[in-house]
Every structure is written in C-alpha cells, then in structure tokens.
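Novice: predicted coordinates and the sequence they were generated for:
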Amino acid sequence: MMSVIDELKSIVGEDYVLTSEVDLVAYSYDATFTSARPTLVVLPGSTEEVAEVLKVANRERIPVVPRGMGTGLAAGSIPFGGGIAMPLTRMTELLEIDRENMMATAQAGIITSDLARTLAREGYFYPPDPSSAEYSTLGGNVACNAGGAHCLKYGITGHYVAALEVVLADGRVMRLGGKATKNVTGYDLLHLMIGSEGTLGVITEVTVRFIRQPEAERTAEAVFPKLADAGRAINAVLASGANPAMLEIMDETAIKSVEDYLHLGLPLDAEAILIIQTDGSVEEAERGIEIVAEVCRQNGAREVRVAATPEESAEMWHARHSISGSLGRIRPNKLGEDVTVPHNAIPAMIARIKEISARYGLPIVIFGHAGDGNLHPNILFDKRDPEEFERVEQAVGDLFRAAVELGGSLSGEHGVGVLKRPYLEMALGSVAVEVQKSIKQALDPHGILNPGKIFV
C-alpha cells in the first residue's frame with residue numbers, strides 16, 4: 001500500500017493524503033449513529049486530481065467513498081469497506097455567475113449557503129435549502145438530490161441543476177447538460193447522476209439555475225389542539241390557492257422539546273403547530289397569508305399568528321429549525337427519517353406514525369416539510385440498550401411500509417445509503433432494482449465507487 005500512498009501524494013500533494021488515526025476517525029462518520037474508518041483520506045484540489053486518484057484506485061481495485069461535509073442521514077458517505085475517503089472540501093470556488101442566462105457554476109465543495117448568499121447580494125434566489133445548507137456542500141446536495149423547506153413551491157436540487165462535470169470510476173471526465181433551456185439529445189445522463197449518491201461517478205463541478213428574489217414574504221404560525229386537524233389543514237391550504245412557499249409541521253413532542261430547550265413561549269398544550277410562508281409580490285404574499293390564516297381557522301386552529309415584522313418571522317422559523325438539536329435532551333440517540341407520501345395521504349401517514357410509536361413503545365417525533373408530503377419522523381432511543389435498538393429497527397421497517405402502502409417512498413431527500421438499502425426492493429420492485437444494478441455495473445465494473453450503498 002505504501003507505493004500507492006506515495007503515488008497519491010504525488011497527485012494531490014503530501015499534505016492532502018491523511019493516514020493518522022485522528023484523521024481516519026474524523027472521516028469515519030456522518031450525521032447518523034454509524035461509523036467505519038477508511039484506510040486513508042485523500043483530498044483532491046481539482047477535477048484533474050480527482051481523475052488521477054480514480055485511475056489509481058480503479059487500477060488497484062481500492063474502494064473510493066466521495067464525500068462532502070459528512071452531513072448525510074443515510075450513512076451514504078461512510079467507508080464501511082475501508083479504502084479511500086475522498087472529501088471534495090478543498091474544491092470550493094465559485095467559478096461563474098452568468099447573469100444573462102441566470103446560472104451559476106461552482107466546484108462541488110462549495111457550501112450551499114455561501115453560494116446562496118453570494119447570489120442574494122445581487123438580488124437573486126437559489127431556492128434549494130436543506131436544513132444542512134449552512135455546512136453541506138453543493139456536490140453533496142446534488143448527489144442526494146437534497147430538498148428543503150422551499151421545495152413545496154420551488155422544487156428540489158435536481159430541478160435547478162443545468163450541467164455537471166463528473167469523473168467516472170476509471171478516471172474519464174464527462175460533462176453533462178449545459179445552458180440551453182431544452183436538451184433531449186441522447187439519454188438523460190445528467191439526471192441519472194443527480195441522486196446517485198457517489199455510486200456512478202464523482203461530481204466535481206455543478207451549474208445551477210437561479211431566479212429573482214421574491215419581492216415580499218409573509219409568515220404565519222397556526223396552533224392546533226389536535227394533530228389530526230393540522231393534517232387536514234395542510235391539504236386545505238394546498239387546495240386554497242394560497243400557493244405557500246413553505247409549509248412545515250411540528251408535533252407535540254417537537255414543541256415540548258424546543259420549548260424546554262429555548263423557552264420561546266411555545267404552547268405546551270397543543271398537539272401541532274404549522275409554520276407557513278407565502279411570497280411573491282407584496283400583494284401576492286399578503287393575500288396568500290390571509291387565505292392561509294382563514295383556512296387554518298376553519299380547520300381547527302385555535303390560534304393563528306401572522307408575523308408583523310421580519311424578526312417575528314425569524315423567531316417562528318427558529319423554533320422549527322431547532323427541533324433536531326433539541327431532541328438529545330429526551331433520548332441520547334435519534335434515527336431521523338424522511339418518508340414521503342402524496343399530500344392527501346398526510347393525515348393517514350401521521351396516524352400510522354402514531355400507531356407505530358405506541359406499538360413499539362418508542363417516542364417518534366413528527367416534523368418536516370408537510371406541504372410536499374415529506375415528513376421527518378425521528379425515532380428517539382438509547383443505542384446502548386440492544387432490546388430497544390431491535391425495536392427501533394422493527395419500527396423503521398413499519399414506517400417505510402406505511403409510506404409505500406400510502407403511495408409514497410422511502411426517501412424525499414436523504415437518499416438510500418446503507419440504512420434504507422434493505423427496503424429498496426419493497427419500494428421499487430425487483431425489476432427496477434435489477435435495472436439500476438446493471439447501470440452501476442456498466443459505469444463502475446470493478447465496484448470501487450461507494451460500494452455497498454443503495455444496494456449490495
């Protein structure tokens with residue numbers, strides 16, 4: 001292995017091949033509760049260096065796990081089979097802002113919020129906003145087809161990707177897409193790579209579309225004594241013509257956890273809170289939030305508060321964004337899922353989650369992007385208790401079955417990784433899984449790219 005290490009050092013520089021125990025531990029985990037150490041860490045600084053590293057790895061049959069900032073929630077960037085962990089975090093350059101075509105090109109390691117803020121300073125809006133946007137990378141967002149609260153109105157990451165530069169397993173560099181509005185020349189390899197979780201190629205450069213910032217935003221917080229009423233209100237709001245940009249839900253456990261953590265004055269006797277934002281012109285935003293408030297009242301909201309200032313709006317969103325961080329006060333571990341269902345099935349999915357929680361005696365917190373049917377049930381547990389962890393695994397299977405039975409899917413934005421791999425055939429069927437495996441075999445015949453992820 002030493003000769004290979006020397007060769008890799010000659011490609012990326014001696015300082016960017018890491019082998020110490022401390023470094024290996026640092027790149028052994030993501031945002032889940034699992035971990036595995038790589039054999040070494042290689043940090044390339046350019047597409048050319050990525051290509052040369054992959055040529056060596058492919059020749060030597062060394063597994064390579066591409067990686068952003070390790071914020072994944074499906075164990076998709078953990079090197080379970082050892083080999084090379086390859087973070088792209090040195091590749092952070094914003095290469096171009098094309099104002100005429102309303103597109104930006106950046107290296108894959110740029111932090112998503114850095115890109116969004118740079119565009120915002122010029123009056124532009126990059127809508128995809130995963131909860132990890134302050135520290136996740138654009139390339140990682142593309143690899144998992146990340147979502148976020150604005151997906152309801154504006155769509156997910158994949159809707160904004162216009163072009164990619166991708167390095168294949170054997171080191172060949174492929175450019176996909178472009179700035180033309182329409183392109184149906186050949187197979188749609190661009191969207192094949194989006195959401196492929198580093199199993200088909202390493203994304204090194206991304207061109208995304210952006211839009212003009214909306215003129216105005218308005219936010220409302222609706223408090224519901226009954227969670228079921230909140231579920232019905234979601235559908236009513238979506239059918240009302242209010243056209244919300246964001247529609248998020250917090251259940252009673254999330255409310256109590258955040259209140260214990262931050263003391264914001266949240267209502268502890270409520271079973272659910274909806275936080276809803278409208279945007280557009282001043283007239284559109286105002287009219288939309290008026291409709292939202294009235295619809296929520298008609299569907300069981302005890303109280304609807306419309307933010308009078310940007311500060312009040314920020315406080316409402318602060319509660320929603322603080323849920324994950326607050327849950328550690330309840331139990332030491334959590335398994336955060338992101339099942340999706342059609343929005344008319346949201347009330348039924350909420351009821352199924354509550355049933356599963358009671359059946360296994362496990363707290364399951366419900367929050368997430370309710371407007372687009374993307375719920376984030378978080379199972380709280382203590383991993384040190386083997387019997388409890390076994391119940392968690394059973395509960396997860398029931399959550400996925402419930403989502404699929406209601407016409408939904410295993411994942412809205414986290415990806416499959418390893419944690420959802422056992423349920424892939426249940427969701428897609430055997431034929432679709434076999435087709436995907438054949439694509440993997442064609443593009444990565446030696447199986448070096450993120451092996452064991454999505455399917456074995």
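Specialist: Arrived safely, thanks for sending. Numbers count the residues shown, from 1 in each chain.

Novice: quick one, domains of this structure?
Specialist: As recorded under automatic domain parsing, the domains making up the chain are 2-87, 94-212, 216-325, 331-415.

Novice: show me what the top helix by length along the chain is packed up against.
Specialist: Secondary structure of the chain read by DSSP state H shows that its longest helix is helix 386-405. Helix 386-405 sits against helix 346-360, strand 378-381, helix 424-428, with contacts defined as 3 or more C-beta pairs under 8 Å, 6 or more residues apart in numbering; DSSP states H and E. C-betas here are computed from N, CA, C, even on glycine.

Novice: mind putting the domains of the chain into TSV with distance to Gln436, mean pLDDT and mean neighbour count?
Specialist: Output for the domains of the chain, formatted as TSV (distance: least, C-beta to C-beta, whole Å; pLDDT from 0 to 100; neighbours: other C-beta atoms under 10 Å):
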stretch	distance to Gln436	mean pLDDT	mean neighbour count
domain 2-87	15	96	19
domain 94-212	9	97	20
domain 216-325	30	96	19
domain 331-415	13	93	20
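
Novice: and the longest helix of the chain, how far from the chain's centre?
Specialist: 21 Å (C-alpha atoms, centre = their mean, to the nearest Å).

Novice: next, the angle helix 346-360 makes with that helix.
Specialist: With axes from the mean of the first three to the mean of the last three C-alpha atoms, to 10 degrees applied, the angle from helix 386-405 to helix 346-360 works out at 160 degrees.

Novice: so what touches helix 386-405?
Specialist: The contact list for helix 386-405, computed with C-beta atoms under 8 Å, 6 or more residues apart in numbering, reads 335, 337, 339-341, 349, 352-353, 356-357, 359-362, 364, 377, 379, 381-383, 409-410, 419-420, 422-423, 426-427.

Novice: in JSON lines, list the helices and strands packed on helix 386-405 along with distance to Lys55.
Specialist: As requested, the helices and strands packed on helix 386-405 are exported to JSON lines (distance: least, C-beta to C-beta, whole Å):
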{"stretch": "helix 346-360", "distance to Lys55": "46"}
{"stretch": "strand 378-381", "distance to Lys55": "42"}
{"stretch": "helix 424-428", "distance to Lys55": "31"}
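
Novice: what's the closest of these to Ala75?
Specialist: Nearest of these to Ala75, taken as C-beta to C-beta: helix 424-428 at 14.1 Å.

Novice: now the domains of the chain as CSV including distance to Ser438?
Specialist: Formatted as CSV, those follow (distance: least, C-beta to C-beta, whole Å):
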stretch, distance to Ser438
domain 2-87, 19
domain 94-212, 12
domain 216-325, 37
domain 331-415, 20
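
Novice: Lys437 is nearest to which of these?
Specialist: When the domains of the chain are compared for distance to Lys437 using C-beta to C-beta, the nearest one is domain 94-212, at 10.4 Å.

Novice: chain center to the closest one: distance?
Specialist: Using C-alpha atoms, centre = their mean, the offset of domain 94-212 from its chain centre is 13 Å.

Novice: let me see the contact set for Val166.
Specialist: Taking C-beta under 8 Å, 6+ apart, one finds Val173, Met174, Arg175, Leu176, Met193, Leu200, Gly201, Val202, Ile203, Thr204 in contact with Val166.

Novice: thought the fifth one was touching Leu200?
Specialist: Which is Met193. Yes - Met193 is in contact with Leu200 according to C-beta atoms under 8 Å; the separation is 6.1 Å.

Novice: so Ala285: helix, strand or coil?
Specialist: Secondary structure, DSSP: H, G, I helix; E, B strand; the rest coil: Ala285 is helix.

Novice: oops, could you answer that again for Gly45 instead?
Specialist: Three-state assignment for Gly45 (three-state DSSP): coil.

Novice: now it: phi and psi?
Specialist: phi -110, psi 0 (degrees, to the nearest 10).

Novice: Provide a list of residues in contact with it.
Specialist: When contacts are counted by C-beta under 8 Å, 6+ apart, Gly45 is found next to Val12, Gly13, Tyr16, Arg90, Met91.

Novice: for those residues, which one is nearest Ser240?
Specialist: Proximity to Ser240 was ranked across these by C-beta to C-beta; first place goes to Met91, at 44.2 Å.

Novice: count the residues that sit near that closest one.
Specialist: Neighbourhood size, Met91 [other C-beta atoms under 10 Å]: 23.

Novice: ok, it - contacts?
Specialist: For Met91, counting by C-beta under 8 Å, 6+ apart, the contacting residues are Pro44, Gly45, Ser46, Thr47, Gln107, Ala108, Gly109, Ile110, Gly139, Thr204.

Novice: mind putting these in TSV, distance to Val282 included?
Specialist: TSV is the format used below for these (distance: C-beta to C-beta, whole Å):
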residue	distance to Val282
Pro44	47
Gly45	46
Ser46	46
Thr47	44
Gln107	37
Ala108	37
Gly109	38
Ile110	33
Gly139	37
Thr204	41
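
Novice: for Pro451, which of the domains of the chain is the nearest?
Specialist: domain 2-87 (5.1 Å).

Novice: and Ile255, that's in a strand?
Specialist: No - counting by three-state DSSP, Ile255 is not part of a strand but helix.

Novice: just to check, it is in contact with Ala270?
Specialist: Yes - shown here, Ile255 and Ala270 form a contact pair, counting by C-beta under 8 Å, at 6.2 Å.

Novice: helix, strand or coil for Thr92?
Specialist: Thr92 falls in the coil class when you classify it by three-state DSSP.

Novice: which residues does it contact?
Specialist: Thr92 sits next to Ala106, Gln107, Gly109, Ile110, Ile111, Asp114 when contact means C-beta under 8 Å, 6+ apart.

Novice: will you turn these into a markdown table that also has secondary structure?
Specialist: Shown next, in a markdown table, are the contacts of Thr92 (three-state DSSP):
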| residue | secondary structure |
| --- | --- |
| Ala106 | strand |
| Gln107 | strand |
| Gly109 | coil |
| Ile110 | coil |
| Ile111 | strand |
| Asp114 | helix |
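
Novice: can you list the residues you listed in JSON lines and add distance to Ser35?
Specialist: Putting the contacts of Thr92 into JSON lines (distance: C-beta to C-beta, whole Å) gives the following:
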{"residue": "Ala106", "distance to Ser35": "29"}
{"residue": "Gln107", "distance to Ser35": "27"}
{"residue": "Gly109", "distance to Ser35": "22"}
{"residue": "Ile110", "distance to Ser35": "26"}
{"residue": "Ile111", "distance to Ser35": "23"}
{"residue": "Asp114", "distance to Ser35": "27"}
